[in-house]
Structures are given as C-alpha cells and as structure tokens.
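Participant: take this sequence and fold it.
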Amino acid sequence: MSLQLRLFGGGGGIATKNGGDSLNDGGHNIDKSVALAATSADAISPMNPGNFASGERSVPIVPAPRYFTKEERDAMKKLATEKEKGARYSKRAYESLGTIEAADAKVHKAHRSYERVVADNELKKVRANAGLAKHLHGLRPGYARLGLGIDKAENDARMRIDGIKAKLTAGMN
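Facilitator: Numbers count the residues shown, from 1 in each chain. Sure thing, here's the model as predicted:
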C-alpha cells in the first residue's frame, strides 16, 4: 500500500480515525469537537465560564469612613430610587431573557430530535436499497442463463442458416 493511501485513505470513502474508510466498514465522520461545540461563541460553558470579575457597580466603594454632604445625600437618594426601579426592570428583563433562552433550547432540542428521525429513516432507506441490491445480485444467474440460452439459440439458428446456405449454394454449382 502506498504511503499516500495509508496517510489519506483510498477509494473515495469517508476517511476515519478508526481505520475504516466508508460506512460499510463502520467508518464515520463524526467529530467530537464539532458535536460538543458551543452554539454561540459567547455561550456560557466550562470552556467559556464567563467573566467572574465583571459585575454591576453603580457607585464606587467607599474605602474608609467619611461624612457626606446634604447634596451628596440627596443625589444618592435620587440615584438609589432610580437604581431600585432599574433593578426591578432588569430583573424582569433577565427573567424574559431566561424564558427566551429556555424556548430556544426547546426548539434546538426538537430540531435535534427531528434530525435523529431523519438519520434513523435514512438508515432504513439505505437498508432497503441494500436489500434490493442483494436481491438483484441473486437474479443475475437467472439472467445469465437466459442470456446464454439466447446466445445458444442464435448460434443454433446461425448454424442452420449456414447449413441451408451451403446446400443451396452447392446445388447451384
């Protein structure tokens, strides 16, 4: 076997890591890294855990005890009211985002179930094709017998015709 065939496989089949080069050898083209790949580059997973250092901080941390002025207090009270409203809105928005994400997951799961049905039925169809191919191979000897019979009949006819021609041409001479 040539080096090229050993490295890249031959026969135009599916090259695999397990030595088979086609489906009928048990080969496959299922790449684990593709099957386990994230559905989005920013999806949270063990390989992309997100940014633990990020967080919302509306005001800086006060590093030491201090006195505040009335203006600072009023501004912080106003900001606190706005932030409280914003927190309620944000909580509802995140709940909605979670609901959307759950719906997306249902659609994704349903699509994968559909793809499993397609794959299962593809195997059934290919299995039916293979059954027909085997059956047709079983018919080949019968067709060969028929073909040989036709060839023999043609040869017999040709020999009789040649015999008749020989008698006729012998009588003419």
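Participant: so where's the longest helix in the protein?
Facilitator: helix 70-172 (DSSP state H).
Participant: so where's the chain uncertain?
Facilitator: Scanning the chain for pLDDT under 70 picks out 1-21, 173.
Participant: now residue 104: how far from residue 110?
Facilitator: Residue 104 sits 11 Å away from residue 110 when distances are taken as C-beta to C-beta, to the nearest Å. From N, CA and C alone the C-beta is placed, and that goes for glycine too.
Participant: how much space separates residue 165 from residue 25?
Facilitator: As judged by C-beta to C-beta, residue 165 and residue 25 stand 58 Å apart.
Participant: do residue 56 as well
Facilitator: Applying C-beta to C-beta, one obtains 56 Å for the distance of residue 56 from residue 25.
Participant: okay, those two: which has more neighbours?
Facilitator: In this comparison of residue 56 against residue 25, neighbours counted by other C-beta atoms under 10 Å, the higher total goes to residue 25 at 14 against 8.
Participant: count the residues that sit near residue 139.
Facilitator: Here the number of neighbours of residue 139 (other C-beta under 10 Å) works out to 9.
Participant: same check on the one 5 residues further on?
Facilitator: By the other C-beta under 10 Å criterion, the neighbourhood of residue 144 contains 10 residues.
Participant: got it, and residue 79?
Facilitator: 13.
Participant: how close does it get to residue 68?
Facilitator: The span separating residue 79 from residue 68 equals 13 Å under the rule C-beta to C-beta.
Participant: do residue 58 as well
Facilitator: Summarising the geometry, the distance separating residue 58 from residue 68, computed by C-beta to C-beta, is 16 Å.
Participant: with residue 145 instead?
Facilitator: Where residue 68 is concerned, residue 145 sits at a distance of 107 Å (C-beta to C-beta).
Participant: now do residue 132
Facilitator: When C-beta to C-beta is applied, the distance between residue 132 and residue 68 equals 87 Å.
Participant: what do you get for residue 133?
Facilitator: 87 Å.
Participant: list the contacts for residue 41?
Facilitator: Each residue near residue 41 by C-beta atoms under 8 Å, 6 or more residues apart in numbering is listed here: residue 48.
Participant: so it: helix, strand or coil?
Facilitator: With DSSP: H, G, I helix; E, B strand; the rest coil as the basis, residue 41 sits in coil.
Participant: can you count the residues close to residue 37?
Facilitator: For residue 37, the count of nearby residues is 13 (other C-beta under 10 Å).
Participant: hang on, it in a strand?
Facilitator: No. Using three-state DSSP, the secondary structure at residue 37 is coil, not a strand.
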